[in-house]
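Visitor: pasting the sequence and the predicted coordinates here, then a few questions.
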Amino acid sequence: MTTHAIPDHAELILPAPAKLNLMLHILGHREDGYHELQTLFQFLDHGDELGFALRDDGVIHLHTAVDGVPHDSNLIVRAARQLQEQSDTRLGADIWLDKRLPMGGGIGGGSSDAATTLLGLAHLWQLDWSEDRLAGLGLSLGADVPVFVRGRAAFAEGVGEKLTPVELTEPWFLVAVPQVLVSTAEVFSDPELTRDTPPIKVRSLLEGGGRNDCQSVVEKRYSEVRNALILLNKFVPTRLTGTGACVFGSFPNRDDADKVARQLPATLPSFVAQGANVSMLHRRLQELVRK
Ligand SMILES: C[C@@](CO)(OP(=O)(O)O)[C@H](O)COP(=O)(O)OP(=O)(O)OC[C@H]1O[C@@H](n2ccc(N)nc2=O)[C@H](O)[C@@H]1O
Ligand SMILES: Nc1ncnc2c1ncn2[C@@H]1O[C@H](COP(=O)(O)OP(=O)(O)O)[C@@H](O)[C@H]1O
């Protein structure tokens, strides 16, 4: 069965899960303008969905329009074209997107779409690419793409590309979606951003440490995020993911998360999803290979 945005003739349908940054520390400012980070990524069992069909004329066509993103700038199209170029294939693809994740939410929708495109087309075009090579191409598209290509919850360093897989508990998360677009570049250029958090060892994180260094700057600049944090904190300890706008709290079971979700006002949309150490994309691809 296909979803409304993906037609029945799609040959391959794959998920593009969201991620959370369970913590995010900023260690320093690099000469190229980027910031050195330490962050802990876990996937959610909630995300976008992409459909793919082979074309033998080499054309890459994304049939779904994404608000504010021109066709050729969409990370899906950019990922597909780069993979096509670097693998010298004559094949192309029709691609459809069922967009469920809020954009600019800090839950990685665009990066995850790009990673699903790389893995989906590598499968459809029968490319013999290693995970390392796909992750390398992914990094050229965005700092968060490699973790989605690898599909394992991870402690990340550098700009997010040095990944150490970790085994975390898999609680239920309530993710609230303040109705505002947060600009990642704006947050990173704020003079008040803390940029000198000392490096920590992954083990201290697994014992529950850490915070999000972007949170105070985002709270200051975006009242929608500030209000969401105040509201959710009344029910559960709440934190920002990435550079926002989404904020989240964790629960031992789905019912408890749902109960809080029902108490949020209609002006603050939210969703409940479970944390996952192996991404849904990778679980689906493993099933395909086994068939
Ligand atoms: C910080 C994170 C944590 O997951 O935030 P979210 O985007 O998820 O909220 C990401 O790594 C973001 O990755 P991504 O969204 O791909 O950022 P990019 O497009 O590469 O960068 C946008 C801009 O943010 C700044 N930037 C980004 C990442 C970084 N480590 N240091 C930076 O200074 C740079 O000014 C860059 O031009
Ligand atoms: N397929 C896509 N889905 C979402 N955003 C995309 C996509 N392709 C390009 N973009 C651009 O990337 C920006 C960041 O998107 P997204 O990954 O959703 O946010 P975040 O990095 O905060 O999690 C968007 O504002 C949009 O301009």
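Guide: Arrived safely. Ligands and ions are numbered 1, 2, ... in the order given.

Visitor: how about residue 209, what does it touch?
Guide: Under the criterion of CB atoms under 8 Å, 6 or more residues apart in numbering, the neighbours of residue 209 are 23, 200. All C-beta spots, glycine's among them, are computed from the backbone N, C-alpha and C.

Visitor: doesn't it belong to a strand?
Guide: No: secondary structure of residue 209, determined by DSSP: H, G, I helix; E, B strand; the rest coil: coil, with no strand assignment.

Visitor: near ligand 1, which residues of this protein are found?
Guide: In this structure, the chain approaches ligand 1 at residues 21, 33-35, 37, 39, 106, 108, 111, 142-144, 159-160, 184-185, 188, 242-243, judged by CB under 6 Å from any ligand atom.

Visitor: redo that, cut-off 8 Å
Guide: 19, 21, 24, 29-30, 33-37, 39, 41, 104-108, 110-111, 142-145, 159-160, 182, 184-185, 187-189, 214, 241-244 (CB under 8 Å from any ligand atom).

Visitor: so where's the chain uncertain?
Guide: Where the chain drops to pLDDT under 70, the residues are 1-4, 206-208.

Visitor: kindly recompute the last result at 90.
Guide: Of all residues in the chain, those with pLDDT under 90 make up the ranges 1-5, 32-33, 104, 159-161, 201-210, 289-291.

Visitor: show the backbone phi and psi for the spatially most central residue of it.
Guide: Relative to the mean C-alpha position of the chain, the nearest C-alpha, by CA atoms, centre = their mean, is the one of residue 108, at 2.3 Å. Dihedral pair for residue 108: phi 80, psi 20, per degrees, to the nearest 10.

Visitor: who does the closest residue in space to it that isn't next to it in sequence bridge with?
Guide: Closest residue in space to residue 108, ignoring its immediate chain neighbours: residue 19 at 4.3 Å, by CB to CB, 6 or more residues apart in numbering. Per DSSP bridges, the residues bridged to residue 19 are residue 43.

Visitor: about what we covered before: which of the residues of the chain next to ligand 1 count as buried?
Guide: With neighbours counted by 16 or more other CB atoms under 10 Å, the residues of the chain next to ligand 1 contain buried members at 19, 21, 24, 35-37, 39, 41, 104-108, 110-111, 142-145, 159-160, 182, 184, 187-188, 214, 241-244.

Visitor: which parts of the stretch 151-291 of the chain are helices?
Guide: 184-188, 202-206, 215-221, 223-233, 254-263, 280-290 (DSSP state H, counting those that start in this stretch).

Visitor: meant to ask about the stretch 1-150 of the chain, not that
Guide: 75-87, 109-124, 131-141, 145-150.

Visitor: so which of these is nearest residue 232?
Guide: Residue 232 sits nearest to helix 109-124 of all those, at 20.7 Å, using CB to CB.

Visitor: packing partners of the closest one?
Guide: Judged by 3 or more CB pairs under 8 Å, 6 or more residues apart in numbering; DSSP states H and E, helix 109-124 is in contact with strand 12-29, strand 35-55, helix 75-87, strand 92-98, helix 131-141, helix 145-150, helix 280-290.

Visitor: how far away is the residue of the chain positioned farthest from its centre from residue 93?
Guide: The outermost residue of the chain relative to its centre, with distances by CA atoms, centre = their mean, is residue 57 at 31.2 Å. When CB to CB, to the nearest Å is applied, the distance between residue 57 and residue 93 equals 10 Å.

Visitor: can you count the residues close to residue 286?
Guide: Close neighbours of residue 286, defined as other CB atoms under 10 Å, add up to 11.

Visitor: pretty sure residue 254 sits against residue 273.
Guide: No: taking CB atoms under 8 Å as the definition, residue 254 is not a contact partner of residue 273, at 9.3 Å.

Visitor: between those two, which one's more packed in?
Guide: Legend: neighbour count by other CB under 10 Å for residue 254 and residue 273, higher for residue 273 (21 against 14).

Visitor: mind listing what the more buried one touches?
Guide: Each residue near residue 273 by CB under 8 Å, 6+ apart is listed here: 18, 44-46, 172-173, 175.

Visitor: state the distance from the residue of the chain found nearest ligand 2 to residue 97.
Guide: Distances from the chain to ligand 2, computed as CB to the nearest ligand atom, single out residue 110 as the nearest residue at 2.9 Å. Using CB to CB, one gets 11 Å for the distance from residue 110 to residue 97.

Visitor: check residue 205 too.
Guide: According to CB to CB, residue 205 stands 33 Å off from residue 97.
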